[in-house]
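Peer 1: Attaching a predicted model along with its sequence, questions to come.
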Amino acid sequence: MSYKNLLDPWIILPTILFALFVVPVIWIISSLFGDYSDNWTHIYNYTLSNYIYNTIFIIIGTSIGTLIIGVGSAWLVTTYNFTGKNILEWALLLPFAVPPYILAYTFTGLFDSYGTANNLIRDIFSLPHEFIFFPKLRNVYGAAIVFSFTLYPYVYLVSRMAFINQSRSILEVGRTLGFSKFQVFYKLGIPSIRPAIIAGLMLVLMETISDFGAVEHFSVNTFTTGIFSAWFGLYDFHTAKQLAALLLIVVITFLILEKYSRRKNRYSSGSNVFSPIAAEKLKGSKNILASLFCTIPVFIGFVLPNIQLAYWALNYKLEFFNEKFITTAWNTFYLAIVTAVICAVLAVVINFSIRYKKNKLLNILSSFLTVGYAVPGLILALGVSQLLVFMDNLLFREYLDFVLTGSLVGLILAFVIKSFALANSTIESGFLRINNRLDDVAKTLNTSGWKLLTQIHLPLLTTSFLTSMILVVSEVIKELPASLILRPFNYDTLAISTYIYAAEERMFDAAAPSIAIVGVGLLPIIILSRLIVKSRPGYRNNDNHYQSY
Amino acid sequence: MTENILEIKNLRHSFNTDMEVLKGINLNVSRGEIVSILGPSGCGKTTLLRIIAGLENQSGGTVNISDTVVSDSKNFVPTEKRDIGLVVQERALFPHLTIIKNVEFGLKGRRDDKYKAALNLLKLFKVESYANNYPHEISSGEQQRVAMARAMAPNPKILLMDEPFGALDHALKSELRDETKKIFKDNGTTAIIVSHDFEDAISMSDHVLIIDDGLVVQEGPAKDLIPITRNNSFKIA
């Protein structure tokens, strides 16, 4: 790279961001090169293999679960008309609003030996007190089920978006070549949207690896519970960082592999003539099966936990909905929107820089920026907090003691680092779908840099931009460890309220703020999910014609 | 003596060290001339066009436009500063802009002036009635007319066309070729057309280059071009 390139704003900005994002992560990874305590030796000899086994098992189970539910339901609602489809196509996003730990709490409330569901079965069939119908969920199987039903919307959303943008003619050609409808689905439908599916699955896996609340509630030892045990059980922060560093190395390796495989599969529409997929009406048993396939995930991932939460809330703490609640909800919503806008804008700028400058270094930097998503919230919060203390000492020591530390800056920075991968993944897929020929032609029409971005790319990225905002808003509303550590004094969010009650197993108290999290999380999901189809370039009201790009 | 608008000397290009795509191309194009570059798929003709446009940076050789070096070992003028137009087989119309806005896109000046200039071009290509439609609402032939109108709008020094009629049916191709040639000749447009279609070359151009394996294997007037039906290629008599 020449010195002239180093002064290019399209290279400088991503590089500064990279530095800001990567410092907390480097701080964690550097711990691997320090001393290893006796606690580390103990963990290495006795518990590390268990962490690894459980983490891998949950990852595989969740991947299978989210792929079947997410891709299957996206394909069904895009290519078929069946009973309830109009509701289900957006209802399938609803579990986005339910954090895994809330589903885990409600599942134990429902399915434990003496939970609501087992009691109901015993009462209905007059069965003996010791009879247990539903199997125990406090294990790796239960964890994989909880993650599958709360995280499949990541795969559903990106798959649905990709299927909507897929031309009917590709599928019709498959039929003329003798493929059955199912063969068209798995031989043409899935391979042609594979980059989107991989992007969605990546988000699921990073969310799964980062989770603490659900696995801790199910008493399943994973890397994250190990980190927490080392920190709060053994009071060995250094060992906790070393475990986190190991987890980060796994994630980084995974990201590099994903990036490599995606580069080999860059798909964009080769034709300017686009025919939207015409949904086919299903009848009889196929209609019922399709409805059931799409209804079950919504029921288990959203309806069932909310019934349990409503039952708890109505029987106990309804007075939670007061002025304090409104302030808390506003704080949460404000943080979520600010973070979502920052993440989406940064993702657009960085991906545009990569595309426009065709710079390999920027591509590598971008991969590193997404690692923050997999960093457990508490560890990330400590990294950011350390960074802010350092900057306060550097910039403001002579005037005031702490300006950045304890302010919203730290909290938003942590959210941005943690949520950037969500925005980036979707924006990156959006850029991949824009034909490079548009850029070539635009350049010959005296359009480059900022003008190319704002006049050509941004209007074509509206869907991706909104989708990335949905993902980030949903994530921030649910995120709590970073909030707990970095929030300004007395600055509560809904997640903090929920966590404090849930950590004490006071689920009746936790129910109302949990419902509020779901409620606030629902608003952007409902509004923005409706905009996804309408925002497609060339979309007109009362007009089903689309234009590919 | 006719003025050379494009001059290419000993142009070489390789995408990696092992495979040279262009192996020393020389080409001169005069103002108002229409030149076709013919050759089989993968022979390097599209790469040559992209290098002229500044979308690729060649490994060796010089590209001059209007006696100015736009690309050599030391200089590189970016695409947007080369004053060239580009038409591609996929048309690449901006899907979020109406037809008139697509054509206005590369124009500068007052809004009214841009509108009038764009509308005149649409009239020239007989697509003015679709001015307020979106690209997906018109046929592929009409889209190709709009793509050419858009490329001509800023009045570029050279119009580069990559398989411009490739996706059209035979009758439409023939009609559009005749109309386009007339418009180009009436406006004095300098154009380079990359194609693998014998008919495109003979009906559109004044001069033809045949490229194979990165080298110019034949060059001459379009009227002397004759097809060889045996292996679906062509030669200059």
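Peer 2: Ah, there it is. Numbering: from 1, shown residues only, chains lettered A, B, ... in the order given.

Peer 1: Now the residue positioned nearest the centre of chain A. Nearest residue, chain neighbours left out?
Peer 2: Most central residue of chain A, judged by C-alpha distance to the mean C-alpha position with C-alpha atoms, centre = their mean, is A:Leu203 at 5.0 Å. Take A:Leu203 and drop its neighbours on the chain: the residue closest to it by C-beta to C-beta, 6 or more residues apart in numbering or on different chains is A:Tyr154, 4.4 Å away. The way it works is simple: take the backbone N, C-alpha and C, and place the C-beta from them, glycine included.

Peer 1: okay but A:Ala336 is in contact with A:Val476, surely?
Peer 2: Yes - here A:Ala336 lies in contact with A:Val476, judged by C-beta atoms under 8 Å, at a distance of 4.0 Å.

Peer 1: re earlier: what strand or helix carries the residue nearest to A:Leu203?
Peer 2: A:Tyr154 belongs to helix A:140-164 when elements are defined using DSSP states H and E.

Peer 1: same thing with A:Val338?
Peer 2: Per DSSP H and E, the secondary structure element for A:Val338 is helix A:323-357.

Peer 1: tell me which residues of that helix are tucked away?
Peer 2: Judged by neighbour count using 16 or more other C-beta atoms under 10 Å in any protein chain shown, the buried positions of helix A:323-357 are A:325, A:328-329, A:331-333, A:335-336, A:338-340, A:342-344, A:346-357.

Peer 1: Packing partners of that helix?
Peer 2: The elements that helix A:323-357 packs onto, with contact taken as 3 or more C-beta pairs under 8 Å, 6 or more residues apart in numbering or on different chains; DSSP states H and E, are helix A:9-29, helix A:360-369, helix A:408-432, helix A:462-478, helix A:494-503, helix A:507-534.

Peer 1: Nearest to chain B, out of those?
Peer 2: Smallest distance to chain B across the helices and strands packed on helix A:323-357 (C-beta to the nearest C-beta): 8.6 Å, for helix A:462-478.

Peer 1: and the closest one with helix A:408-432, angle?
Peer 2: Orientation check (axes from the mean of the first three to the mean of the last three C-alpha atoms, to 10 degrees): helix A:462-478 against helix A:408-432 gives 150 degrees.

Peer 1: what's the average pLDDT for the helix or strand harbouring B:Asn28?
Peer 2: Assigned by DSSP H and E, B:Asn28 belongs to strand B:19-30. Along strand B:19-30, the predicted local confidence has a mean pLDDT of 88.

Peer 1: Stretch B:56-75 now?
Peer 2: Over the span of stretch B:56-75, the pLDDT mean works out to 90.

Peer 1: Span of it from start to end?
Peer 2: Across stretch B:56-75, the straight-line distance between its terminal residues is 13 Å, by C-alpha to C-alpha, to the nearest Å.

Peer 1: Does that stretch reach chain A?
Peer 2: No - using C-beta under 8 Å from any C-beta of the partner chain, stretch B:56-75 stays clear of chain A, with a minimum separation of 10.3 Å.

Peer 1: Okay, the nearest residue to B:Arg12 once chain neighbours are set aside and B:Glu7: tell me how far apart.
Peer 2: Using C-beta to C-beta, 6+ apart and skipping the chain neighbours, the partner closest in space to B:Arg12 is B:Gly60 (3.9 Å). With the distance defined as C-beta to C-beta, to the nearest Å, B:Gly60 ends up 15 Å from B:Glu7.

Peer 1: A:Thr150 too?
Peer 2: Distance from A:Thr150 to B:Glu7, by C-beta to C-beta: 65 Å.

Peer 1: more crowded one of these two?
Peer 2: Comparing A:Thr150 with B:Glu7 by neighbour count (other C-beta atoms under 10 Å in any protein chain shown), the higher total belongs to A:Thr150, at 32 against 16.
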